[in-house]
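Peer 1: with the sequence up front, the predicted model follows.
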Amino acid sequence: MNVFTYPEHRGNGYATSQKNNLIVDADNIFVSVLYLYSTKARKRLYEKLGFKEVEYSAM
């Protein structure tokens, strides 16, 4: 899933709400791990939602 918010609508909690809903839905179907790829600019938002930065390793 990709998320984009127009600049004039940022800061209103739309992305936070959408991600919270995604996390709840994933939990309801017993998904134990979610991977998120983000820009550095949005890192703080995702950390606030409980995501943690991990080292990426190619398999």
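Peer 2: Nice, I can see it.

Peer 1: now residue 10: phi and psi?
Peer 2: phi -70, psi 150 (degrees, to the nearest 10).

Peer 1: any idea how far it is from residue 19?
Peer 2: 14 Å (CB to CB, to the nearest Å). C-beta here means a position set from N, CA and C on the backbone, and glycine is covered the same way.

Peer 1: with neighbour numbers in mind, choose between the two.
Peer 2: A count of neighbours by other CB atoms under 10 Å puts residue 19 above the other of residue 10 and residue 19, at 20 against 10.

Peer 1: for the nearest residue to the more buried one once chain neighbours are set aside, what are its contacts?
Peer 2: Nearest residue to residue 19, sequence neighbours excluded (CB to CB, 6 or more residues apart in numbering): residue 49, at 5.4 Å. For residue 49, the contacting residues are 16, 19-20, 23, by CB atoms under 8 Å, 6 or more residues apart in numbering.

Peer 1: helix or strand: which one has residue 24?
Peer 2: helix 14-28 (DSSP states H and E).

Peer 1: what does the following helix or strand past that helix rub up against?
Peer 2: Remark: after helix 14-28, the chain's next helix or strand is helix 43-48, criterion DSSP H and E. Residues from elsewhere that reach helix 43-48, judged by CB under 8 Å, 6+ apart: 15-16, 19, 36, 38, 53.

Peer 1: what would those look like in TSV with distance to residue 5 and pLDDT?
Peer 2: TSV is the format used below for the contacts of helix 43-48 (distance: CB to CB, whole Å; pLDDT from 0 to 100):
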residue	distance to residue 5	pLDDT
15	6	79
16	10	83
19	12	84
36	16	83
38	13	82
53	22	86
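
Peer 1: mind giving me the ChimeraX command for buried ones among the residues you listed?
Peer 2: Buried residues among the contacts of helix 43-48 (16 or more other CB atoms under 10 Å), as a ChimeraX selection:
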select :15,19
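
Peer 1: just the contacts of helix 43-48 now: which is nearest residue 29?
Peer 2: residue 19 (16.2 Å; CB to CB).

Peer 1: any idea how far residue 12 is from the closest one?
Peer 2: Residue 19 sits 14 Å away from residue 12, going by CB to CB.
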